[in-house]
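Enquirer: Quick check, what structure comes out for this input:
(one chain, ligands or ions: 1)
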Amino acid sequence: MSQRLVTERLVLRPWHVDDTPAALEVYGNPEVARWLSPAMGRPQDPVAMRLLVQQWVAEDARLDPPAGRWAIDRTADGALIGGAHLLPLPPGNEDLEIGWQLKPDAWGHGYANEATYAIAEWAFSQDIDEVFAVVRPGNTRAAATVRRNGMIWVGETDKYFGLTLQVFRLRSADLDRAAPHAHPPPRFEAD
Ligand SMILES: CC(C)(COP(=O)(O)OP(=O)(O)OC[C@H]1O[C@@H](n2cnc3c(N)ncnc32)[C@H](O)[C@@H]1OP(=O)(O)O)[C@@H](O)C(=O)NCCC(=O)NCCS
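Expert: Numbers count the residues shown, from 1 in each chain. This next block holds a predicted model:
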C-alpha cells in the first residue's frame, strides 16, 4: 500500500474507486494518455476508468514499499490533479521507475517537480539508492521535469514496454536541495 506523502502543496495518497470521475479528467485527456508507457488505451468513459482504478488499487496492495501508485490531491482546494507511481520496471523488475500524470490545467506549477521530490525522498529513506524515469522521445515537458529534479541522462533504450524510451536516473546526491525550486522534505504519514 502506498505510503501517504505530504508536501508543501500536495498530498500523495492511495487511490480509491471513488476517485474515478476525477481520474477520468486526467487519464481521459489525450494530452496525458498519449505519453504514457506502457502505452495504454485512453479510458473514454467512467466504466473503463473505474476498472483501471480498481486495477491500481489491487496492484498497490501487492506492491512492496517504497513502490506505490498515488493519487495526487492539491491541498489548497482538495482537487485530485493527477497520479504518480514508483514501480518496478519490467523486464528485470530490479529498477524502480517514477512517473506522473497531471491534468493539463495543473501543468506549469511545479507539482510534478514537488511530487518527484517527495517520492524520491521516500524511496531514498527506504534503502533505495536510485530511481529511474523513462520518457518517450518528444515528451519535452516530462524531459524538462526530470532534468529540473536533477535527474541524469542515461541513454535511449527499447528494452522497456516495447517502446523507444529515454532513460534518466536520480540518486540521492542528485536531488539538489539548494535549487531555487527545491522543496522541504515531505512528511511520511500513516494512513
Ligand atoms: C510531465 C508532466 C507531469 C509535467 O508537468 P509540469 O507541470 O510541466 O511539470 P513540473 O512540475 O516540472 O512544472 C514545471 C513548470 O512549473 C513552473 N513552476 C512554477 N512554480 C514552480 C515551483 N514551485 N517548482 C517548480 N516549478 C515551478 C516551472 O517554471 C515550469 O514552467 P514551464 O512549464 O513554463 O517551464 C505533465 O506535462 C503531464 O502530466 N504530462 C502527461 C503525462 C506524461 O507525459 N507523463 C510523463 C511520463 S510518466
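
Enquirer: For the rest of this, base every contact and every neighbour count on C-alpha atoms.
Expert: Noted.

Enquirer: I'd like to know which elements the helix or strand containing residue 141 is packed against.
Expert: Residue 141 is located in helix 140-148, with elements delineated by DSSP states H and E. Counting contacts by 3 or more C-alpha pairs under 8 Å, 6 or more residues apart in numbering; DSSP states H and E, helix 140-148 packs against helix 111-124, strand 130-135.

Enquirer: relative orientation of it and helix 111-124 in degrees?
Expert: Put simply, helix 140-148 runs at 50 degrees to helix 111-124, going by axes from the mean of the first three to the mean of the last three C-alpha atoms, to 10 degrees.

Enquirer: Now do helix 140-148: everything it contacts.
Expert: 112-113, 133, 135, 168 (C-alpha atoms under 8 Å, 6 or more residues apart in numbering).

Enquirer: Could I get the buried residue list for it?
Expert: 142-143, 145-146, 148 (16 or more other C-alpha atoms under 10 Å).

Enquirer: So which of the residues you listed reach the ligand?
Expert: 142, 145 (C-alpha under 6 Å from any ligand atom).

Enquirer: Let me see the contact set for residue 37.
Expert: 134, 136, 161, 163.

Enquirer: just the buried members of those residues?
Expert: Buried among these by 16+ other C-alpha under 10 Å: 134, 136.

Enquirer: Flag whichever of the contacts of residue 37 scores worst on pLDDT.
Expert: Minimum pLDDT for the contacts of residue 37 is recorded at residue 161 (84).

Enquirer: Test my guess that it contacts residue 135.
Expert: No - here residue 161 lies out of contact with residue 135, judged by C-alpha atoms under 8 Å, at a distance of 11.8 Å.

Enquirer: pLDDT score for residue 157?
Expert: So, for residue 157, pLDDT stands at 91.

Enquirer: Helices along the chain, start to end?
Expert: With helices called from DSSP state H, the chain shows them at 20-27, 30-33, 46-62, 111-124, 140-148.

Enquirer: Which one of those helices lies nearest to residue 189?
Expert: Residue 189 sits nearest to helix 111-124 of all the helices of the chain, at 10.9 Å, using C-alpha to C-alpha.
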